[in-house]
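Peer 1: coords please:
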Amino acid sequence: MDAQLYLAYDYPLLGAFWTMLWLVLWVLWFFLLFRIVADIFRDDALSGWAKAAWLVFVVLLPFLGVFVYVVARGRNMGRRELAHARAQQEAFDAYVRETAAGASRSRTSEIDDLARLSDIRARGDISEEEFRRAKERILH
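Peer 2: Predicted coordinates for the structure are as follows:
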């Protein structure tokens, strides 16, 4: 063994540091690999064959494939990620607006029905018992 390797084993804290460094680098590597695979599938500009070719290149030769992908297509990865996040936020906002409008419409229709029912009772067209039963049907 060479002198540097002995140095790491002479000082256990240095050995722990190197172990943690390698662990963090492996986690970062897998994070980058998964981001690139997701970017390959997310990119609408690539054809199906181009996506398949990049995926095969990244899976079969992971180190070379990832580095070539980052050099060749890395510039727009952030833009595609941002566009995807915006699309998700817009879809969520549309869902919230639609749901809130639906709840508001049903609540407004209940209020309108109760107001009409109250007017009918005030004119004397229905009895108090009929009003109570109709109000329960509207509210349930």
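
Peer 1: Going C-terminal from the least confident helix or strand in the chain by mean pLDDT, what's the next secondary structure element?
Peer 2: One helix or strand of the chain scores below all others by mean pLDDT, DSSP states H and E: helix 3-10, with a mean of 61. Downstream of helix 3-10, the first helix or strand assigned by DSSP states H and E is helix 12-42.

Peer 1: Name the residues of that following helix that come out as buried.
Peer 2: Leu33, Ile36, Val37, Asp39, Ile40 (16 or more other CB atoms under 10 Å). The way it works is simple: take the backbone N, C-alpha and C, and place the C-beta from them, glycine included.

Peer 1: For the spatially most central residue of the chain, what is the enclosing helix or strand?
Peer 2: With distances taken as CA atoms, centre = their mean, Gln88 lies nearest the centre of the chain, 6.4 Å away. Assigned by DSSP H and E, Gln88 belongs to helix 77-123.

Peer 1: Can you work out which other helices and strands pack against that helix?
Peer 2: helix 12-42, helix 128-139 (3 or more CB pairs under 8 Å, 6 or more residues apart in numbering; DSSP states H and E).

Peer 1: Any regions of this protein where pLDDT drops low?
Peer 2: 1-10, 102-108 (pLDDT under 70).

Peer 1: change it to 80
Peer 2: 1-15, 100-112, 139-140 (pLDDT under 80).

Peer 1: So which residue of this structure lies furthest out from the middle?
Peer 2: Residue of the chain lying farthest from the centroid, by CA atoms, centre = their mean: Gly124 (56.7 Å).

Peer 1: What's the separation between it and Leu55?
Peer 2: Relative to Leu55, Gly124 is positioned 77 Å away (CB to CB, to the nearest Å).

Peer 1: Can you get me a residue count around the residue lying closest to Leu64 once chain neighbours are set aside?
Peer 2: Leaving aside its sequence neighbours, Leu64 sits nearest to Phe57 (CB to CB, 6 or more residues apart in numbering; 7.9 Å). By other CB atoms under 10 Å, the residues close to Phe57 number 16.

Peer 1: No further questions, thank you.
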